[in-house]
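# Next input, structure requested:
(one chain, ligands or ions: 2)
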Amino acid sequence: MFHHFTSSVMLTGGIDPHTHLAMEFMGTETIDDFFSGQAAALAGGTTMHIDFVIPVNGSLVAGFEAYERKAKKSCMDYGFHMAITKWDESVSREMEIMVKEKGINSFKFFMAYKGSLMINDELLLQGLKRCKSLGALAMVHAENGDAVFEGQKRMIELGITGPEGHALSRPAVLEGEATARAIRLARFVNTPLYIVHVMSIDAMEEISKARKSGQKVIGEPVVSGLVLDDSGLWDPDFITAAKYVMSPPIRESGHDKALQAALSTGVLQLVGTDHCVFNSTQKALGIDDFRKIPNGVNGIEERMHLVWDTMVESGQISVTDYVRITSTECARIFNLYPRKGAILTGSDADIIIFNPNSSFEISASSHHSRTDTNVFDGRKGKGKVEVTIVGGRVVWQDDELKVVPGSGKYIEMPPFSYLFNGIDKSDAKYLSSLRAPVRRFNSAS
Ligand SMILES: [Zn+2]
Ligand SMILES: [Zn+2]
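Ligands and ions are numbered 1, 2, ... in the order given. This next block holds a predicted model:
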């Protein structure tokens, strides 16, 4: 009989490209701050994350300063994306300051959240152009905000006010539409595009089509979308159902498997979490109206385990692919490679020791997040992060954290990542291909 030894492997620490720590949203604030969220991340083998700075009254500079303060207690390295929540000349000017002075190389635009964060196509086009000129990556939350607003009204009129109304009001077709629109506008501007939290087959297929045509589009599924389906939203217990509310919503069974397949074949490139947690009390703000349930689920601590179990243990991807989708590709996209995302001479020593023959079990009572619920509660699987090392220091071992507030560093991300290679050449080719202007005899000389 074939026998193999129990052996742990040394892997690159995870990088989570999508988190919201200490974010003020929907009248409250996410309950994991830069210390508790990062401690949870380290216990789960993630050694760096990129969070979204939210501007203050539209000011990017004020937003950046606020997040610098929030991040003072960090115990692991982090970087920032910047959300764009309105558009005017000063926002455009401040984008340049962010890129040239503050180490930000990506901006997120919202095609949803009508009346608050949403921007229309005219402004999205301005944003895409600005990103291109700065060498910054444009990111989109892709859902049709006007139609979502309509869908919400429809559900309320039908008397559907519970968490299931959240999913019913914003079906996958609206995610597919906005994804397609953003992709086409980015193609028109000729700039790379990053689609955050790809939750549906509809959106994934648009990304697939664009990539096959040669367009530079990155698709980021999140762990909740990869391993869960929407059944929890129909749970008769409000708190249980409300914990699954996030946008775009977790889809019905089938989307999860399709997203896994897309990840295994390179249609989607990396896995985030959209870790954005609110506790039961905060979720209860929407007890009478799903529109008031703060949106967001956990995942920063669970991502590395769930992706291993779902993708590697199931035989869908290799260990090399695992490192790529949980770490290396993120470092490349955000221009951090090989300082991050690799174990090389000169790289930061962010390393995990992973035992494929051990096992994990997820529980709201034992996780390190401050929230009192967990959307993956009760899940068990193969593989375990036994040791986490950051910058050469052991911070997680024998199920014990040894983290120091203030020890995490802000990592600046320079513009013009590999995604911008060749843009100047394709622009020149386009310009030289224009069969115009035509000289006409009747024009003034
Ligand atoms: Zn979003
Ligand atoms: Zn998010």
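# What is the neighbour count of residue 23?
Neighbourhood size, residue 23 [other CB atoms under 10 Å]: 22. Placement of C-beta: from N, CA and C, glycine included.
# let me fix that: residue 26
When neighbours are defined as other CB under 10 Å, residue 26 has 18 of them.
# now swap in residue 321 and tell me
Look at residue 321: counted by other CB under 10 Å, it has 17 neighbours.
# could we number from 734 for the rest of this?
I'll keep to 734 as the first residue from here, and by that count the last item is residue 1054.
# could you measure it against residue 881, distance?
Distance of residue 1054 to residue 881, given as CB to CB, to the nearest Å: 34 Å.
# quick one: secondary structure of residue 1016?
What DSSP: H, G, I helix; E, B strand; the rest coil gives for residue 1016 is helix.
# excluding its backbone neighbours, what's nearest it?
Distance criterion CB to CB, 6 or more residues apart in numbering; nearest residue to residue 1016, sequence neighbours excluded, is residue 975 at 4.1 Å.
# Give me the local confidence score for the residue nearest to the spatial centre of the chain.
Closest residue to the average C-alpha location of the chain: residue 751 at 3.2 Å, with CA atoms, centre = their mean. In this model, residue 751 is scored at 98, pLDDT.
# Quick check: which element contains it?
strand 747-752 (DSSP states H and E).
# Could you please name the strands the following helix or strand past that strand pairs with and the direction of each pair?
The element immediately downstream of strand 747-752 (helix or strand, assigned by DSSP H and E) is strand 757-758. Next to strand 757-758 in the sheet, as set by DSSP bridges, lie strand 761-762 (antiparallel).
# Show me which helix runs longest in the chain.
Secondary structure of the chain per DSSP state H: the longest helix is helix 905-922.
# what's in contact with that one?
For helix 905-922, the surrounding residues in contact (CB atoms under 8 Å, 6 or more residues apart in numbering) are 844-845, 854, 857-858, 861-862, 865, 871, 873, 875-877, 880-881, 884, 925-926, 928, 931-936, 938-940, 943, 948, 950, 981, 984, 988.
# Please enumerate the strands of the protein.
Counting by DSSP state E, the chain has these strands, from start to end: 742-745, 747-752, 757-758, 761-762, 779-786, 810-817, 839-843, 870-874, 926-928, 950-952, 1084-1094, 1113-1123, 1126-1130, 1133-1134.
# rank those by pLDDT, which is bottom?
strand 757-758 - the lowest mean pLDDT of the strands of the chain, at a mean of 89.
# what's the spacing between residue 839 and residue 784?
Using CB to CB, residue 839 is found at 11 Å from residue 784.
# Need the residues touching each of these two.
Counting by CB under 8 Å, 6+ apart, the residues touching both residue 839 and residue 784 are residue 814.
# From the contacts of helix 905-922, which land in helices?
Using DSSP H, the contacts of helix 905-922 in helices are 854, 857-858, 861-862, 865, 880-881, 884, 934-936, 938-940, 943, 988.
# Selection in PyMOL covering whichever of those residues are buried, please.
Command for PyMOL that selects the buried part of the ones in helices among the contacts of helix 905-922, burial taken from 16 or more other CB atoms under 10 Å:
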select buried, resi 857+861+862+865+880+881+884+934+935+936+938+939+940+943+988
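# for the protein, what helix or strand is lowest in average pLDDT?
strand 757-758 (a mean of 89; mean pLDDT, DSSP states H and E).
# distance between it and the chain's centre?
In terms of CA atoms, centre = their mean, to the nearest Å, the centre of strand 757-758 is set 17 Å apart from its chain centre.
# How about stretch 1113-1124?
Distance, centroid of stretch 1113-1124 to centroid of chain: 21 Å (CA atoms, centre = their mean).
# For it, output the C-alpha coordinates as PDB.
Taking C-alpha atoms only, stretch 1113-1124 is exported to PDB below (Å, rounded to 0.1, in the frame of the first residue of the first chain):
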ATOM      1  CA  LYS A1113     -15.000  21.600   8.700                       C
ATOM      2  CA  GLY A1114     -12.400  20.800   6.300                       C
ATOM      3  CA  LYS A1115      -8.900  19.500   5.500                       C
ATOM      4  CA  GLY A1116      -5.700  21.500   6.000                       C
ATOM      5  CA  LYS A1117      -4.600  23.900   8.700                       C
ATOM      6  CA  VAL A1118      -2.400  27.000   9.000                       C
ATOM      7  CA  GLU A1119      -0.100  25.900  11.900                       C
ATOM      8  CA  VAL A1120       2.300  28.800  11.900                       C
ATOM      9  CA  THR A1121       2.100  32.400  10.600                       C
ATOM     10  CA  ILE A1122       5.300  34.400  10.300                       C
ATOM     11  CA  VAL A1123       5.300  38.100   9.500                       C
ATOM     12  CA  GLY A1124       8.500  39.900   8.700                       C
END
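# which other residues reach that stretch?
Under CB under 8 Å, 6+ apart, the answer for stretch 1113-1124 is 741, 746, 775-778, 780, 809-810, 1037-1039, 1041-1043, 1045-1046, 1081-1095, 1127-1130.
# again, 6 Å this time
With CB atoms under 6 Å, 6 or more residues apart in numbering as the test, stretch 1113-1124 has contacts from 775, 778, 780, 809, 1037, 1041-1042, 1046, 1081-1089, 1091-1094, 1128-1130.
# Right, I'll call it a day here.
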